[in-house]
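J.: just coords:
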């Protein structure tokens, strides 16, 4: 293993001079700095991150906190964070809170002590708990898919996404549209409900709040059928996939009998049959933007909303003349929730 002492020996300088040169400290001549750089390159020497942090005060690392790394939504954001960090010469440390709001403060605090800046993706903490935590952070913090006055953020134009979805369904003649919502504590669900209220008032049937999972969609589908809905707008794609599965199990044709629209455009949306019509959000771009916001301090904090786009596939079609009445003999036991969470 090559050490700094080896670099100093090859460069013909003292260990102290080599250390100052590698940490870009002052009081090192240009000639000595160049000799040390050449020696380090020839030997393949890389300074230890912890040692570099002690001398420069910088770890060269960005922290990312997500509720569930197995979730395709967060995995896509993480890809963007990692790509942008790599371009700027930084590494990424990822912490997963396992959808447990009780551990978020400790995870955020502990990771924040080890990195130069933190990206928090969809933090679950309520605003009155998140605000003080952000204020106490020792370094810059940026949020993804959450807005608060206390930190810069990047989110999505959810209102426009809801508008595009409703316009599409209305153009197809759907008068009875139902919304399969996410958890009431979700910031994203609140944004969707606000948009629905502004755009459609009480003309959209509220099926209630569901776990943002495949199993949640299975439950929502039965309620949508009971309500006579000809179209279902879902909180996210996994709920939509659960709706599709339940409709199929009950002998209801999609989209001939019931149209289904998702949100996010995760990879699975285009792989199912019928392929899912959904509102696509730029997840990787959000991750990249969050890294840029870490180095762009402003007062007040910068809040960016990225555009979204409805992707029309095969799960939507003109409304049927009358709402479908599924044969009760087709009712089957609900499938188990695979515990895949997406926001």
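T.: Received it, and whenever you're ready, just let me know what you need. What you see is a predicted model; the values in this text were computed from it and never measured.

J.: following the least confident helix or strand in the chain by mean pLDDT, which helix or strand shows up next?
T.: Scoring the helices and strands of the chain by mean pLDDT, DSSP states H and E places helix 49-56 at the bottom, with a mean of 54. Remark: after helix 49-56, the chain's next helix or strand is strand 61-66, criterion DSSP states H and E.

J.: Partner strands of that next one, with direction?
T.: Taking DSSP bridges as the criterion, strand 61-66 forms sheet pairs with strand 91-96 (parallel), strand 117-121 (parallel).

J.: Pick the most deeply packed of the ones you listed.
T.: Mean neighbour count, computed with mean count of other CB atoms under 10 Å, is highest for strand 117-121 among these, reaching a mean of 28. Just so you know, the C-beta spots here come from the backbone N, C-alpha and C atoms, and that holds for glycine as well.

J.: who touches it?
T.: 62-67, 74, 77-78, 81, 108, 111-112, 137, 139-146, 287, 290-291, 294-295 (CB atoms under 8 Å, 6 or more residues apart in numbering).

J.: Can you tell me the element the residue nearest to the spatial centre of the chain falls in?
T.: Centroid-nearest residue in the chain: residue 74, 4.1 Å away (criterion: CA atoms, centre = their mean). Take DSSP H and E as the rule and residue 74 turns out to sit in helix 72-87.

J.: any idea of the angle that helix forms with strand 117-121?
T.: Relative orientation of helix 72-87 and strand 117-121, computed by axes from the mean of the first three to the mean of the last three CA atoms, to 10 degrees: 160 degrees.

J.: Okay, domains of this protein per the record?
T.: Split into domains by the TED database, the chain comes to 4-56, 61-155, 158-281+307-311.

J.: who does the host helix or strand of residue 261 pair up with?
T.: Element membership of residue 261 [criterion: DSSP H and E] is strand 259-264. In the sheet, strand 259-264 lines up against strand 231-234 (parallel), strand 277-280 (parallel) (DSSP bridges).

J.: Return the most buried member of the ones you listed.
T.: strand 231-234 (a mean of 31).

J.: What average pLDDT does that one get?
T.: Averaging pLDDT along strand 231-234 yields 98.

J.: Just after that strand, pick out the following helix or strand.
T.: Downstream of strand 231-234, the next assigned helix or strand under DSSP H and E is helix 237-249.

J.: okay, the domains of the chain, which one's buried deepest?
T.: Most buried of the domains of the chain, by mean neighbour count (mean count of other CB under 10 Å): domain 158-281+307-311, with a mean of 21.

J.: Quote the end-to-end distance of it.
T.: Terminal residues of domain 158-281+307-311 are spaced 14 Å apart (CA to CA, to the nearest Å).
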